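Asker: structure, please.
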Amino acid sequence: MAGFTELIKNFDKIRDYMRDFYIYGFKSRSEFNKKSARSYDNEKRRIESYLGEYMKWSYGANGKASVISLDSSRIRTNPLYAAWKSKSFTTNDILLHFYLLDFLQQEGPSTVQTLTEVISDRSGKILDPQTVRNKCVEYEAEGLLYREKQGRAIYYGLSTCYFSSLIEGLPGVLDGVKFFQESAPFGEIGSFLLDQEEDENQIFSFKHHYIVHTLEDGILFELQSALQEGRLIRIENVSEKTGRTTLQEGVPLQIFTSAVTGRRYACCYIPLLRRFSCFRLDQIKTIDLLAPFEGAQELKEKLSQNLWLIWGVSLGGRTRRDHLTMKLLVDEEKEAYILRRIRREGRGGTLERIEANTFLYTKECFDAAEMLPWIKTFTGRILKLESNNTEVVSRFNRDTAYLYEMYCGDE
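Answerer: Prediction:
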């Protein structure tokens with residue numbers, strides 16, 4: 001029977017489990033039906049080994065449920081980076097790593113044949129030259145080694161291009177890495193660099209810290225590659241609500257990030273449907289890069305021309321546009337900050353003064369329903385709401401009536 005190990009062979013697997021614990025959370029052993037009970041126990045133990053201090057438990061009708069619980073504004077380093085630092089390896093991987101780098105550091109560039117003989121002699125283990133060559137090729141691709149040709153022989157040497165050498169005359173660079181680590185996509189790279197320098201972030205903290213984004217960075221990397229090369233991709237998407245898996249082919253054009261929830265979306269053109277569509281990165285299971293798509297640049301320009309009509313991520317139907325007007329009562333002297341906020345957050349909408357303390361906000365977009373959460377923040381100041389999308393107005397009126405009944409029903 002295979003023993004438990006903290007190391008990860010397939011990051012997609014740990015990504016799924018971490019997402020279920022961190023994003024959805026509060027799942028008991030009996031409710032987790034994707035894999036066997038033994039798989040659940042092993043993955044839970046693996047997550048606990050990374051995030052022990054952040055694991056919490058609660059007891060309910062369905063038994064004991066686990067969840068990752070933390071205050072993201074108080075942590076200085078994303079604890080989920082630990083998953084990226086736990087890749088599995090074989091005995092040969094460890095043996096070659098240390099003997100190879102140690103010999104090259106002492107003796108300088110060498111051929112694969114020489115490296116094979118020396119490592120076999122020192123370790124007492126017979127190695128195939130092809131195994132050593134494969135490791136050299138791998139480390140060359142990673143930037144640890146360089147290759148040079150001397151006559152007919154190929155020599156591998158230890159690279160001298162390290163991060164440490166880049167920051168010797170630029171001490172402030174490390175502070176930039178500390179900020180990048182927690183604020184930018186692929187922040188796990190900054191975490192690796194700081195580990196190498198035996199340093200950590202003690203400077204920056206973030207009010208809105210979307211640490212779960214690191215679980216999507218593998219997907220984001222594939223999307224960025226397809227974006228740069230104008231490729232068609234095949235997306236395996238898992239619905240959060242139904243759990244149903246679908247396959248969709250599209251051309252990625254832009255990555256959207258919600259200013260409200262922090263969720264990231266891939267905006268793609270779907271040739272089969274002849275329309276644009278958005279996919280949540282945390283619901284994308286896998287991405288396959290396909291052939292280059294002719295006309296990808298023209299599609300990016302077309303999307304750019306329509307960005308002003310997108311409120312959230314919905315691109316509506318082929319022809320539909322929603323028009324919305326909101327009449328507001330705002331004290332111009334005491335509540336000028338409200339007017340500034342509307343102009344700042346209105347996303348291209350117009351704000352017109354009708355009369356003293358009365359203003360009209362107008363916006364055209366693909367889907368006015370996405371505006372409702374923002375519109376509701378002005379409850380108490382809205383005099384009238386109108387839209388050609390009647391469902392939006394009806395929903396607002398129903399929610400307002402329900403709110404009134406909840407708080408003022410007895411009166």
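
Asker: hey, let's count contacts and neighbours off CA atoms from now on
Answerer: OK.

Asker: so which residues of the protein form strands?
Answerer: Here the chain has its strands, by DSSP state E, at 27-28, 55-60, 63-68, 145-150, 153-158, 231-238, 245-257, 264-270, 275-280, 284-292, 322-329, 350-355, 358-365, 382-387.

Asker: mean neighbour count for the ones you listed - can I get that in CSV?
Answerer: Converted to CSV, the strands of the chain look like this (neighbours: other C-alpha atoms under 10 Å):
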stretch, mean neighbour count
strand 27-28, 19
strand 55-60, 13
strand 63-68, 18
strand 145-150, 15
strand 153-158, 18
strand 231-238, 20
strand 245-257, 18
strand 264-270, 21
strand 275-280, 18
strand 284-292, 16
strand 322-329, 19
strand 350-355, 13
strand 358-365, 20
strand 382-387, 16
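
Asker: domains in this protein, by residue range?
Answerer: Recorded structural domains for the chain (assignment: automatic domain parsing) are 11-71, 91-158, 163-209, 213-309, 322-408.

Asker: how about those domains in TSV, adding mean pLDDT?
Answerer: As requested, the domains of the chain are exported to TSV (pLDDT from 0 to 100):
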stretch	mean pLDDT
domain 11-71	69
domain 91-158	89
domain 163-209	86
domain 213-309	90
domain 322-408	93
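
Asker: ok, which of those comes nearest T77?
Answerer: Nearest of the domains of the chain to T77, taken as C-alpha to C-alpha: domain 163-209 at 6.7 Å.

Asker: ends of the closest one, how far apart?
Answerer: 26 Å (C-alpha to C-alpha, to the nearest Å).

Asker: can I get the domains of the chain in a markdown table with distance to N78?
Answerer: Compiled in a markdown table, these are given as follows (distance: least, C-alpha to C-alpha, whole Å):
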| stretch | distance to N78 |
| --- | --- |
| domain 11-71 | 10 |
| domain 91-158 | 24 |
| domain 163-209 | 7 |
| domain 213-309 | 9 |
| domain 322-408 | 29 |
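
Asker: of the ones you listed, which is nearest A83?
Answerer: domain 11-71 (7.3 Å).

Asker: tell me where the protein has helices.
Answerer: For the chain, the helices defined by DSSP state H cover 11-19, 37-51, 91-107, 112-123, 129-142, 163-167, 173-183, 187-196, 217-229, 296-306, 336-345, 372-375, 390-408.

Asker: in JSON lines, list the ones you listed along with mean neighbour count and distance to T286.
Answerer: As requested, the helices of the chain are exported to JSON lines (neighbours: other C-alpha atoms under 10 Å; distance: least, C-alpha to C-alpha, whole Å):
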{"stretch": "helix 11-19", "mean neighbour count": "17", "distance to T286": "8"}
{"stretch": "helix 37-51", "mean neighbour count": "16", "distance to T286": "20"}
{"stretch": "helix 91-107", "mean neighbour count": "14", "distance to T286": "27"}
{"stretch": "helix 112-123", "mean neighbour count": "16", "distance to T286": "37"}
{"stretch": "helix 129-142", "mean neighbour count": "15", "distance to T286": "24"}
{"stretch": "helix 163-167", "mean neighbour count": "11", "distance to T286": "32"}
{"stretch": "helix 173-183", "mean neighbour count": "18", "distance to T286": "25"}
{"stretch": "helix 187-196", "mean neighbour count": "18", "distance to T286": "20"}
{"stretch": "helix 217-229", "mean neighbour count": "17", "distance to T286": "7"}
{"stretch": "helix 296-306", "mean neighbour count": "14", "distance to T286": "21"}
{"stretch": "helix 336-345", "mean neighbour count": "13", "distance to T286": "34"}
{"stretch": "helix 372-375", "mean neighbour count": "13", "distance to T286": "31"}
{"stretch": "helix 390-408", "mean neighbour count": "13", "distance to T286": "35"}
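
Asker: out of the ones you listed, flag the one nearest I284.
Answerer: Per C-alpha to C-alpha, nearest to I284 of those: helix 217-229, 7.5 Å.

Asker: which residues does the closest one contact?
Answerer: The contact list for helix 217-229, computed with C-alpha atoms under 8 Å, 6 or more residues apart in numbering, reads 185-186, 232-233, 251-254, 266, 281, 284, 286-287, 289, 292.

Asker: return the member of those residues nearest to S72.
Answerer: P185 (16.5 Å).

Asker: one step back: would you format the helices of the chain as CSV with distance to L273 included?
Answerer: Listed next are the helices of the chain as CSV, based on distance: least, C-alpha to C-alpha, whole Å:
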stretch, distance to L273
helix 11-19, 29
helix 37-51, 39
helix 91-107, 47
helix 112-123, 53
helix 129-142, 39
helix 163-167, 47
helix 173-183, 36
helix 187-196, 35
helix 217-229, 20
helix 296-306, 14
helix 336-345, 32
helix 372-375, 28
helix 390-408, 25
